[in-house]
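Trainee: Provide a 3D model corresponding to the input given below.
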Amino acid sequence: MFGKKKMLRKRETQEVQNRSERNEPAGKDIYARIADLKNVPRDNLPDAVFMLFVEAKHQSELIRQSIKDRTRYDFNFVGSVDGDLATYLAEEAAHALRDHVTNPQTFLEAMSEEFPDVHFTIQQQDAVSMVASMIRVQRLEGILEGLRLAGLLNKAPNRRRISPQKDGML
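Mentor: Predicted structure coming up:
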């Protein structure tokens, strides 16, 4: 009985580690590309930031969906937030990490003074991946807001039209 629990725990730990190892390089890539934005020409900057933002949102959505599929906990932060968004996100992450399940103690565990296993709904590495992806998305939203305030998002890009018929439609 105890061997079976240990094997399940070991397999679960390995799965969490594998997910974390897949998410970390993607996050590092996004941060490297954020740093490289300083080398992007000003005319191309809004498009580059927006495309990076879309990619970061997609990565965040994949992590969120993975957590939801395993734990039924949804990190879907839609709707309006009263007050500080960063505080709201941190409170949601802390709440999710506190959620746990404890199996009732068996007679054998009570006699051997062994405490029952506590299984956290969301593993620490999964929560770290989720919070890191939220921070990347928020950082890119800040960059987009800065571009908007600088007036770079309000300008139409300097692109040639595909057909002259569409010129009158815009």
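
Trainee: Let me know the next secondary structure element after the longest helix along the chain.
Mentor: Longest helix in the chain by number of residues (criterion: DSSP state H): helix 2-35. Reading on from helix 2-35 to the C-terminus, the next helix or strand found by DSSP states H and E is helix 45-71.

Trainee: helices or strands next to that following helix in the packing?
Mentor: In terms of contacts (3 or more CB pairs under 8 Å, 6 or more residues apart in numbering; DSSP states H and E), helix 45-71 is packed against helix 2-35, helix 124-149. Every residue, glycine included, has its C-beta placed from N, CA and C.

Trainee: Tell me which of those helices is the most buried.
Mentor: helix 124-149 (a mean of 17; mean count of other CB atoms under 10 Å).

Trainee: Would you mind checking the average pLDDT for that helix?
Mentor: Average pLDDT, helix 124-149: 88.

Trainee: Mind giving me the packing neighbours of it?
Mentor: helix 2-35, helix 45-71, helix 85-98.

Trainee: Output those helices as a markdown table; include the columns distance to residue 150 and mean pLDDT.
Mentor: As requested, the helices and strands packed on helix 124-149 are exported to a markdown table (distance: least, CB to CB, whole Å; pLDDT from 0 to 100):
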| stretch | distance to residue 150 | mean pLDDT |
| --- | --- | --- |
| helix 2-35 | 17 | 78 |
| helix 45-71 | 10 | 88 |
| helix 85-98 | 22 | 75 |
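
Trainee: Please identify which of those helices is closest to residue 125.
Mentor: Set against residue 125 and scored by CB to CB, the helices and strands packed on helix 124-149 come closest in helix 2-35, at 3.9 Å.

Trainee: just the angle between the closest one and helix 124-149, please?
Mentor: 20 degrees (axes from the mean of the first three to the mean of the last three CA atoms, to 10 degrees).

Trainee: Dump the helices and strands packed on helix 45-71 into JSON lines; add distance to residue 63 as well.
Mentor: As requested, the helices and strands packed on helix 45-71 are arranged in JSON lines below (distance: least, CB to CB, whole Å):
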{"stretch": "helix 2-35", "distance to residue 63": "6"}
{"stretch": "helix 124-149", "distance to residue 63": "5"}
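
Trainee: mind checking pLDDT for the residue lying farthest from the centre of the chain?
Mentor: No residue in the chain sits farther from the centre than residue 111, which is 43.4 Å out by CA atoms, centre = their mean. pLDDT recorded at residue 111 is 70.
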